[in-house]
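>>> Below are the sequence and a predicted model for it; my questions follow.
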Amino acid sequence: MMGADSPSAVEAETAQTPEASGRKSTIEALKSPESIAAEVSTGIEGFLESKAAEFLTISPDAHDIGQALLDFTRGGKMIRPVLLWWGYQLAAGDDPARDSMTGSVAEAAGSLELLHAAALIHDDVIDHSDTRRGKPALHRQFESYHAGRSYQGGAEPFGIAAAIVIGDICLALSEELFENSQTVLGISPLARDLRATLRRDVMVGQYLDVLAEVVPLEDERIGDRAWEVLSYKSAKYSVEQPLLLGAALGGADEEQLAEISKFGLPLGQAFQLRDDVLGIFGDPVATGKPAGDDIREGKRTVLIAESMKNLRPEQVQVMAERLGDPNLSDDEVGECVEMLTESGGLDAVESFIRTKYDEALSVVREWADKGAHADTARTTIGAAAQRQLEGFAESLSYRTS
């Protein structure tokens, strides 16, 4: 299990307080995403193994819970843990005294990965998804257990019920792991509020997504709704808020959090806009999802909203009939994809991605500019950190999976 010895109350208070108010230290390089992912993955594995052992003390039948969580949390992109860690570094600076806290940073980062896992488990149930990362979605796995073990009753309801409960357990474990991290890192009011806001936004965003799928395509707020879902279900929760939470744990004040938000929010929006493109135009081998999956699931994304602006009435009618139909043939999906391309919707979203990506890069360049912005920026970085942030921004905005 991840953890560290608890410091005294005085040490905990010191751990969350910047060395000196307003003082900046240049971050020369950030911890590599690969090393963060490895450390967080190892910690999650150990934590979940200990929890799986606890489940077995309740009943041997609880074995499937622990194994499902261990299997589900392997192989993720670890975007949120990386960004939480980097937010922490941007606020804490290159302070050797904080090296002993990395285990607790890993716990806080791991808690976000468990929160994300819980959201994905429930999301697959809501979307009736058959696969996740190229494997059967969790509810489908338990549906197959029902059939293979000759259980009574319906296999599908059992799979759904099991996935909902296991998602809830995963959410509870996320909270437990975050609380463990506070023993060493301490918890400021800012960090506490940010953690609560992150949880609230992704759950409200999920409801907004569910609502958007049943609103008629002709609705005048289809575009506004799409941006609300994009921002609150994903952009903030996936990029901006992990950065802000990490920074708050590292001692950032509200001024520095505002700086980091200017980088994180547009990058998060570019990230989700790319996800919307991949949900329709992505290669199934790379994404682990069927081609055109968002069409069959009925997602009212920004891509759909932009396309609606230029579709002919008869095309809008076809799209309205097909969007959300899980039984569409590949040819029918292909016709929808063609409409989205010819309408200019894809081009519009690619333009949005470029704009948001450029916004994020401009902030990174300000942080690296020790001349023009040296006296105003609370965050300053060296050339290596600049390359890392720019490279990560590009990988989120222009990824293929």
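All right, it came through fine. Remember, predicted model here, so these are calculated numbers, not experimental data.
>>> What strand or helix carries residue 207?
For residue 207, the enclosing helix or strand under DSSP states H and E is helix 189-212.
>>> CA atoms of that helix as PDB?
What follows is helix 189-212, C-alpha atoms only, in PDB (Å, rounded to 0.1, in the frame of the first residue of the first chain):
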ATOM      1  CA  PRO A 189      -8.900  24.800   2.100                       C
ATOM      2  CA  LEU A 190      -8.000  25.500  -1.600                       C
ATOM      3  CA  ALA A 191      -7.100  21.800  -2.200                       C
ATOM      4  CA  ARG A 192     -10.100  20.600  -0.300                       C
ATOM      5  CA  ASP A 193     -12.400  22.800  -2.400                       C
ATOM      6  CA  LEU A 194     -10.700  21.900  -5.700                       C
ATOM      7  CA  ARG A 195     -11.100  18.100  -4.900                       C
ATOM      8  CA  ALA A 196     -14.800  18.600  -4.200                       C
ATOM      9  CA  THR A 197     -15.300  20.800  -7.300                       C
ATOM     10  CA  LEU A 198     -13.600  18.100  -9.500                       C
ATOM     11  CA  ARG A 199     -15.900  15.400  -8.200                       C
ATOM     12  CA  ARG A 200     -19.000  17.700  -8.600                       C
ATOM     13  CA  ASP A 201     -18.200  18.800 -12.100                       C
ATOM     14  CA  VAL A 202     -17.500  15.400 -13.600                       C
ATOM     15  CA  MET A 203     -20.800  14.000 -12.100                       C
ATOM     16  CA  VAL A 204     -22.900  17.000 -13.200                       C
ATOM     17  CA  GLY A 205     -21.200  16.800 -16.600                       C
ATOM     18  CA  GLN A 206     -22.100  13.200 -16.900                       C
ATOM     19  CA  TYR A 207     -25.800  14.100 -16.300                       C
ATOM     20  CA  LEU A 208     -25.600  16.900 -18.900                       C
ATOM     21  CA  ASP A 209     -24.200  14.300 -21.300                       C
ATOM     22  CA  VAL A 210     -27.100  12.000 -20.700                       C
ATOM     23  CA  LEU A 211     -29.600  14.800 -21.100                       C
ATOM     24  CA  ALA A 212     -28.000  16.100 -24.300                       C
END
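>>> What residues does residue 37 make contact with?
78, 81, 82 (CB atoms under 8 Å, 6 or more residues apart in numbering). Where you see a C-beta, it was placed from the backbone N, CA and C, and this is true even at glycine.
>>> Do you know the pLDDT at it?
At residue 37, the pLDDT value in this model is 97.
>>> Most neighbours among the contacts of residue 37, please name it.
Among these, the one with the most neighbours (other CB atoms under 10 Å) is residue 81, at 29 neighbours.
>>> just the strands in this structure please.
Taking DSSP state E as the criterion, the chain carries its strands at 26-27, 131-132, 135-136, 380-381.
>>> Ok, which of those comes nearest residue 167?
Nearest to residue 167 among the strands of the chain is strand 131-132 (12.2 Å), distances taken as CB to CB.
>>> Which strands border the closest one, and is each parallel or antiparallel?
Sheet pairing here is set by DSSP bridges, and for strand 131-132 it gives strand 135-136 (antiparallel).
>>> how far is the partner strand from where the chain is centred?
How far strand 135-136 lies from its chain's middle: 20 Å, per CA atoms, centre = their mean, to the nearest Å.
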